[in-house]
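Participant: Next one to model:
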Amino acid sequence: MTTTSRAAPASTTTPGHAGKPEHVDTLIVGAGLSGIGAAVTLGERFPDRSMAVLEARAALGGTWDLFRYPGVRSDSDMLTLGYAFRPWTDASALAAGPDILDYIRDTARERGVDRLVRYGHRAVGADFDSGTGRWTVTVERDGETTTLTAGFLYVCAGYYRYDAGYTPEFPGAADFTGRLVHPQHWPDDLEVDGRRVVVIGSGATAVTLVPALAKLGAQVTMLQRTPTWIVSLPSTDRTAVKLRGRLPGPVVEPLLRWRNVMIQTVSYQLSRRRPEVMKKQLLTALTRKLPQGYDVNTHFLPPYDPWDQRLCAVPDGDLFRAIRDGGAEVVTDTIDRFTADGVRLTSGRTLPADVLVTATGLRLQLLGGMTLRVDGQTVDPAQRLTYRGAMLDGVPNLALAIGYTNASWTLKIDLVNRFLVRVLGRMARTGADVVTPVAPDVPAEDRRPLLDLNSGYITRSLDVLPRQGPRAPWRINQNYLLDLASFRWGRTSGRGLCFSRATGRATDRGDDGTTVDRPASETVVA
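Facilitator: Purely as a prediction, here's the structure:
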């Protein structure tokens, strides 16, 4: 099935040029996993709405086109990271980055949304006018600035910066004479065979890099300040392979997806409700995979509960195999300073290195770095509450694609897409031009961070992310089962959403199905 959404012409009008800027009904920012999924879902549901997808980079794929470091792969199972409308059918459970990129590209081509993407278009600002019910989006393209207008703006740019990863200020960094590399900008010419490589970090990127570099012939040391909870998962889903050989796709794929949803949900709930039980299970599994007598408590027992930070998955225990085989070592210590030929630790030990890899995290930003204005007033997202984690209080006709932190990203995005189908459908039925989340008064002490993990990359960026409230629909569940009911069948009015016309009059549908007009100031907001 291919989408039949009308593609808007790939041109915009330069501000000040004669004529009006080009207009599209729906504008999606970002052509990664989220943006392509959104374009397919909205395009197939609303084939008569014009649509465009802006992509700042020269290729689609987002994260999976950006990251090119050795071994890059998913840390979520592909049955739930893949699209519900186009199931992942490969046998791999934790897929390699290039395979995921091919999957996204194939999906875009098969569903016809690749023709909607405008490459090299960076959205830098968006201004909403309540009088017209439209966004005016400022776009940088080939060194020039252009604009276009949109009825609805859907930002699918994730929440981290693509142009720069996070590297702390290390004393003596200028003294190091080897190669200093951040995984987000992995150089094509870096050879590691026979070289000493120190990977600084213990998160998902580090535990991926270490066995991959060891396999390439490097002698690798993973230097961590504190351990991370790690679980080994099979790289091949044997159950899925067997069932696919016995049952037709339309039957087996939903079953497999739901099986993995339930496994994720049970694992997370057990971690939160009975952390000591989960700790024991994880440590027992780790001990079995590490050499006899290995100091598991020092190097693999974090000082926090599972899912206080994201649980890292390694396929077939490849990290532990690299340790057993002698290709990799884990050192738990803190850095005193860099030296000319390595890293000196606070314990006094020096780790010699030809290459230092700073797998030290990401820099977060919202909206792909865009600035927002509503009727001339600048919007600070950090001062706003999120509606269902998908819209911002007081910001009309705008949605955000922000996935789960405790499950596959795409599970949440799929729900947001379906919810937007319902919202846009209601707008069409009632003649509304504008939909605005309107939050109740929430005291500062009841406003919680958007993301519920205490990982460093999140705690460093709390001042740029919006907040969540204490109750639905302003609270984020991080629970697919609860969200499924809310997003797919929950009310789209009377729960914090105000539907109105650009003329300033609100619209709603009465119990008999007829359209009812009333002043926007009288719209009920729960």
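
Participant: Break down the stretch 351-500 of the chain into its helices, ranges please.
Facilitator: Under the criterion DSSP state H, counting those that start in this stretch, the stretch 351-500 of the chain carries helices at the ranges 409-430, 456-459, 480-489.

Participant: Single out the most deeply packed of these.
Facilitator: Mean neighbour count, computed with mean count of other C-beta atoms under 10 Å, is highest for helix 409-430 among those, reaching a mean of 20. For the C-beta atoms, the positions are set from N, CA and C on the backbone; glycine is no exception.

Participant: and the angle for that helix with helix 480-489?
Facilitator: Helix 409-430 runs at 20 degrees relative to helix 480-489, counting by axes from the mean of the first three to the mean of the last three C-alpha atoms, to 10 degrees.

Participant: Distance from helix 409-430 to the middle of the chain?
Facilitator: A distance of 18 Å separates the centroid of the chain from that of helix 409-430, by C-alpha atoms, centre = their mean, to the nearest Å.

Participant: Could you do stretch 317-327 as well?
Facilitator: The answer for stretch 317-327 is 29 Å, by C-alpha atoms, centre = their mean.

Participant: Stretch 441-449 too?
Facilitator: The answer for stretch 441-449 is 24 Å, by C-alpha atoms, centre = their mean.

Participant: Let me see the mean pLDDT of it.
Facilitator: Mean pLDDT, stretch 441-449: 86.

Participant: just use 205 as the starting number from now, easier for me
Facilitator: Yep, numbering from 205; the last one is stretch 645-653 now.

Participant: Can you list the low-confidence ranges for the chain?
Facilitator: In the predicted model of the chain, residues 205-223, 657-663, 665, 698, 707-730 satisfy pLDDT under 70.

Participant: Would you map out the domains in it?
Facilitator: The chain breaks down by automatic domain parsing into domains covering 210-366+568-697, 384-562.

Participant: so where do the strands sit in the stretch 455-604 of the chain?
Facilitator: 516-519, 532-536, 539-543, 546-549, 554-556, 559-562, 575-578, 581-583, 590-591, 595-596, 602-604 (DSSP state E, counting those that start in this stretch).

Participant: Convert the C-alpha atoms of the first one to CSV, please.
Facilitator: Which is strand 516-519. Provided in CSV are the C-alpha atoms of strand 516-519 (Å, rounded to 0.1, in the frame of the first residue of the first chain):
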residue,chain,number,x,y,z
CYS,A,516,21.6,-1.6,28.2
ALA,A,517,21.2,-4.7,26.0
VAL,A,518,24.0,-6.6,24.4
PRO,A,519,23.4,-9.3,21.8
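
Participant: what comes into contact with it?
Facilitator: 277, 279-280, 297-298, 407-408, 411-412, 415, 432-439, 524 (C-beta atoms under 8 Å, 6 or more residues apart in numbering).

Participant: Give me the buried subset of those.
Facilitator: With burial judged by 16 or more other C-beta atoms under 10 Å, the buried subset of these is 277, 279-280, 297-298, 407-408, 411-412, 415, 432-436, 439, 524.

Participant: Mind checking which of those residues are in helices?
Facilitator: 408, 411-412, 415, 524 (DSSP state H).

Participant: List just the one of the strands of the stretch 455-604 of the chain that sits closest to Arg671.
Facilitator: Arg671 sits nearest to strand 590-591 of all the strands of the stretch 455-604 of the chain, at 7.2 Å, using C-beta to C-beta.

Participant: Contacts for that closest one, please.
Facilitator: Contacts for strand 590-591 (C-beta under 8 Å, 6+ apart): 596-597, 604, 641, 643, 654, 670-672, 677-678, 680, 700-701.

Participant: can you rerun that using 7 Å?
Facilitator: Strand 590-591 is touched from outside by 596-597, 641, 654, 670, 672, 677-678, 680, 700, with contacts defined as C-beta atoms under 7 Å, 6 or more residues apart in numbering.

Participant: How far does it sit from its chain's centre?
Facilitator: 17 Å.

Participant: So what are the sheet partners of that strand and their directions?
Facilitator: strand 595-596 (antiparallel) (DSSP bridges).

Participant: List buried members of the contacts of strand 590-591 by neighbour count.
Facilitator: 596-597, 641, 654, 670, 672, 677-678, 680, 700.

Participant: Just the ones of those in strands?
Facilitator: 596, 641, 672 (DSSP state E).

Participant: can you pull up the bridge partners for the first one?
Facilitator: Note on Leu596: beta-bridge partners Thr590, judged by DSSP bridges.

Participant: What's the separation between it and Phe271?
Facilitator: Leu596 is 28 Å from Phe271, where distance means C-beta to C-beta, to the nearest Å.

Participant: and the longest strand for the protein?
Facilitator: strand 348-359.

Participant: neighbouring strands for whatever helix or strand comes next after it, and are they parallel or not?
Facilitator: Per DSSP states H and E, the first helix or strand lying C-terminal to strand 348-359 is strand 383-385. Looking at strand 383-385 with DSSP bridges, its partner strands are strand 559-562 (parallel).

Participant: Just the CA coordinates for the strand it pairs with, please, in PDB.
Facilitator: The C-alpha trace of strand 559-562 is given here as PDB (Å, rounded to 0.1, in the frame of the first residue of the first chain):
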ATOM      1  CA  VAL A 559      42.900   6.300  20.600                       C
ATOM      2  CA  LEU A 560      40.500   7.800  23.200                       C
ATOM      3  CA  VAL A 561      36.800   7.500  22.500                       C
ATOM      4  CA  THR A 562      34.600   9.800  24.500                       C
END
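
Participant: Please enumerate residues in contact with that strand?
Facilitator: 371, 380, 382-387, 396, 399, 401-404, 413, 547.

Participant: what's the spacing between the residue lying closest to Asp667 once chain neighbours are set aside and Arg592?
Facilitator: In this structure, Asp667 finds its nearest non-sequential neighbour in Ala586, 5.7 Å apart by C-beta to C-beta, 6 or more residues apart in numbering. Between Ala586 and Arg592 the computed distance is 18 Å (C-beta to C-beta).

Participant: out of those two, which sits in the more crowded spot?
Facilitator: Each of Ala586 and Arg592 has its neighbours counted (other C-beta atoms under 10 Å); Arg592 has more, 25 against 14.

Participant: give the contact list for that one.
Facilitator: 677, 690-691.

Participant: out of everything not next to it in sequence, what's closest to Val385?
Facilitator: Nearest one to Val385, counting by C-beta to C-beta, 6+ apart, is Val561 at 5.1 Å.

Participant: Identify the bridge partners of that neighbour.
Facilitator: Val385, Val403.

Participant: Surely Gly265 is within a helix?
Facilitator: No. Checked against DSSP: H, G, I helix; E, B strand; the rest coil, Gly265 lies outside a helix; its state is coil.

Participant: hmm, back to that, a markdown table please, covering the contacts of strand 590-591 and showing distance to Arg253.
Facilitator: Formatted as a markdown table, those follow (distance: C-beta to C-beta, whole Å):
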| residue | distance to Arg253 |
| --- | --- |
| Leu596 | 22 |
| Asp597 | 25 |
| Pro641 | 21 |
| Leu654 | 29 |
| Pro670 | 27 |
| Gln672 | 30 |
| Pro677 | 25 |
| Trp678 | 28 |
| Ile680 | 28 |
| Gly700 | 24 |
